[in-house]
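S.K.: My questions concern the predicted model and sequence given below.
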Amino acid sequence: MEFTSNMRLRVVLAPDNIKRLDILQNLTSAEHLKTIIQERLEIKDDFLIQFEDPEFGNELCNLTNITELPPERAVLKIIQKVPEESELETSISSLDTASMSSPSDSSNQSFPFVSVRQREMSWWPFPFPIPKFSYDVELRLEKGNDNFKEDGTLLTVPREMKMDILDSIAQAIFSFKAYPNNQELESVSAALIEKYPCLKDPGSGTGYHSWTMSIKYKVGNYRQKIRKAGCSEVTVNQKTKRCEVNFLPDNPVGQTDCSLQKEQYALQEEMKKKHFSMAIVDSKIELTFSLRRKEIISEEPLVADVLKQWPALFLEDQVCAEFYRITQTNLKSTFLSSLNEYAPKMIMLYRSRGGAYGDEMKTLLDQLDQASDVLAQRKATALKGLPLFMREKSGNFLKTCLVVVEEQVVLDNVQDFPTAVALLFGLIYAINISYPKELKYTFETIQKVFIGLDPQCSARVQSFKTKLLKLK
């Protein structure tokens with residue numbers, strides 16, 4: 001069976017290796033698609049294809065039949081299968097598993113298999129995917145829906161049935177977020193009633209108010225339960241503040257703090273080499289993610305101390321990879337794509353206000369008018385003018401392609417100003433520091449408008465966003 005032609009795919013090979021692939025031929029099978037991807041993207045090793053399934057809130061599913069793909073556009077994730085005997089000649093393309101040996105070690109020392117408990121979605125799903133309940137509960141709900149459609153009869157829910165429903169929903173919620181807000185909880189109860197209208201509250205305006213409250217209390221009880229079981233994310237008394245998906249993950253299966261500290265030491269030793277192996281660095285920094293987050297969140301070390309303990313974290317590629325691990329969002333491609341779209345509109349906004357922002361904005365716009373590389377200068381001007389537009393102290397923003405945090409140079413020789421801004425933002429997440437108070441609206445704009453983490457904006461940022469979106 002042929003599926004379709006003229007299909008556009010977004011293929012995720014790694015957090016910072018995402019390709020767009022246009023298929024201009026009919027696809028006959030999942031294996032046919034695999035062959036095309038292997039040839040076009042030059043993938044040498046065997047791999048598994050997963051796709052974002054819109055029927056399950058864009059959760060990843062293994063692709064077994066080509067007809068499972070959404071028509072025209074789809075997002076695929078490539079999971080490379082680890083060979084039984086591998087040489088460290090290629091970098092790891094999946095952050096979910098890693099197994100490798102060092103080419104410089106004649107004994108072919110192998111590194112441990114990595115299985116990391118991390119969330120894979122960076123957004124709250126709408127509508128929320130209601131999980132399957134136990135067999136008997138599903139039967140009762142099916143019968144209840146039939147009766148509701150026939151004569152509007154609501155289902156009387158006994159206590160044990162309600163507990164089964166709430167337990168399953170609490171676990172499903174935690175797979176996305178440990179601390180959902182009221183709007184997100186309400187979206188869950190709304191989805192529940194949408195799927196099972198026989199569960200509506202009698203006489204309630206929305207039909208799901210009591211379910212929202214029950215789910216809220218159940219999620220709180222579930223957090224207490226997993227806190228006692230030792231879940232790191234709810235043991236530390238800190239909530240996510242900036243839409244972190246994996247704020248404080250548990251250790252990988254089979255790993256302890258002690259074993260991960262040994263891996264951390266090995267990573268430090270590797271970084272001391274003049275020509276260190278990026279494959280080893282990639283593997284070990286991924287493996288030690290939970291230990292690093294625990295240290296950073298619990299101990300709140302100075303940047304200089306983080307730099308000493310985790311030098312690999314301050315490599316440009318690792319800043320982006322760490323941001324992806326925390327948010328499941330690609331830092332550079334998302335930020336730079338938004339900047340490409342918004343920079344011309346931002347310049348229009350700056351010019352429309354004339355001299356309202358003083359000489360500094362006028363100087364920026366004059367430099368843009370005189371620039372030979374207008375595209376590059378426009379992006380830099382848009383970013384440098386943002387604190388001025390937000391009426392903040394622009395003198396504390398980046399002015400060169402260096403990234404300095406707590407008076408410590410942590411990244412230099414950065415390609416250009418927009419990349420430096422992206423990396424600074426990534427480091428803020430990686431080392432869990434607050435936005436500078438004098439630039440809080442600037443960084444909120446980067447987070448919520450440019451990168452799209454959290455739609456709830458402050459009044460000032462929402463005003464900027466509205467003005468931006470009105471421009472054509």
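M.R.: Done, it's in.
S.K.: right, and Lys332 touches Ala321 too?
M.R.: No - proximity of Lys332 to Ala321 does not meet the contact threshold set by CB atoms under 8 Å, at 10.8 Å. C-beta here means a position set from N, CA and C on the backbone, and glycine is covered the same way.
S.K.: mind listing what's buried in the helix or strand hosting Val281?
M.R.: Taking DSSP states H and E as the criterion, the element that holds Val281 is helix 278-287. Neighbour counts using 16 or more other CB atoms under 10 Å place Met278, Ala279, Ile280, Val281, Asp282, Ser283, Lys284, Ile285, Glu286, Leu287 of helix 278-287 among the buried residues.
S.K.: between Lys332 and Ala321, which one's more packed in?
M.R.: Ranked by neighbour count (other CB atoms under 10 Å), Lys332 and Ala321 place Ala321 first, with 25 against 20.
S.K.: That one contacts Ile285, doesn't it?
M.R.: Yes - contact between Ala321 and Ile285 holds when scored by CB under 8 Å: they sit 7.4 Å apart.
S.K.: Counting by contacts, list what the helix holding Val281 packs against.
M.R.: Contact here means 3 or more CB pairs under 8 Å, 6 or more residues apart in numbering; DSSP states H and E; on that basis helix 278-287 packs against helix 257-271, helix 316-327.
S.K.: ok, Ser338 - how many residues close by?
M.R.: Here the neighbour count serves as a burial measure; for Ser338 (other CB under 10 Å) it reads 15.
S.K.: residues touching it, list them.
M.R.: Residues touching Ser338, when contacts are defined by CB atoms under 8 Å, 6 or more residues apart in numbering, comprise Val449, Phe450, Ile451, Gly452.
S.K.: Now a PyMOL select for only the buried ones of the residues you listed.
M.R.: Of these, the buried ones can be selected in PyMOL as follows, counting by 16+ other CB under 10 Å:
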select buried, resi 449+450+451
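S.K.: Show me the shaky parts of the stretch 101-250 of the chain.
M.R.: Across the stretch 101-250 of the chain, the stretches falling below the confidence threshold (pLDDT under 70) are 101-123, 204, 232-239.
S.K.: related to what we said a few turns ago, of the helices and strands packed on helix 278-287, which approaches Ile23 most closely?
M.R.: Nearest to Ile23 among the helices and strands packed on helix 278-287 is helix 316-327 (25.7 Å), distances taken as CB to CB.
S.K.: which element is Lys379 on?
M.R.: helix 374-389.
S.K.: part of a helix, is Phe276?
M.R.: No - secondary structure assignment places Phe276 outside any helix; it is coil (DSSP: H, G, I helix; E, B strand; the rest coil).
S.K.: What is the burial count for it?
M.R.: Neighbours of Phe276 under the rule other CB under 10 Å: 16.
S.K.: so what's it scoring on pLDDT?
M.R.: pLDDT for Phe276: 92.
S.K.: before we move on, what about Leu339?
M.R.: Model confidence at Leu339 (pLDDT) stands at 94.
S.K.: Whichever helix in the chain runs longest to helix 374-389, inter-axis angle?
M.R.: If each helix of the chain is counted by residues according to DSSP state H, the longest one is helix 331-352. Between the axis of helix 331-352 and that of helix 374-389 there is an angle of 70 degrees, by axes from the mean of the first three to the mean of the last three CA atoms, to 10 degrees.
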